[in-house]
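Chemist: Quick one, fold the following:
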Amino acid sequence: MKEGLVMVPCKNCGTRVPVNDLRKNDKGLYVCGTCLSHKYVGMKEIPNLLPERFIAKPKEQPKVMVKEEKIPYYCTSCKFSFTRARGAPSKGCPYCGKEYSVQRRESANDLLKEVDFMV
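Modeler: Coordinates of the predicted model:
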């Protein structure tokens, strides 16, 4: 077996390097040539040398989406049902394009409230 093919972890950064690339540093540890030449202290300095895209970023809190109230409508001309946000401008039917054939669709609860109000 050849001596250069045996891979051993560096005692400083942990990367696996061939045995003949290990050198003894001033503390007596066998480290890779990169750690020896740049005088790395240990694993704490390694992330500072990585490109920014590889460094783990703290996760941001997800933004809370406020759900807008949707109002149901239907077109009396083509019978197309759709919804719009409250306060959105009325531009007619999005399907057939007619402007004055769109009516608000009332739910059963709305009708019951209206009947209770009449009585």
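
Chemist: List the backbone torsions phi and psi for the residue nearest the centre of the chain.
Modeler: In the chain, the centroid-proximal residue (C-alpha atoms, centre = their mean) is P62; its distance is 8.4 Å. When read as degrees, to the nearest 10, the backbone of P62 gives phi -70, psi 140.

Chemist: Model confidence for it, exactly?
Modeler: The pLDDT attached to P62 in the predicted structure is 77.

Chemist: Same check on M118?
Modeler: Reading off the confidence values, M118 has pLDDT 80.

Chemist: Could you do G42 as well?
Modeler: Per-residue confidence for G42 comes out at a pLDDT of 54.

Chemist: what do you get for I46?
Modeler: Model confidence at I46, given as pLDDT, is 52.

Chemist: and if you look at the one 5 residues further on?
Modeler: Confidence at P51, expressed as pLDDT, is 58.

Chemist: With E3 instead?
Modeler: In this prediction, E3 carries a pLDDT score of 50.
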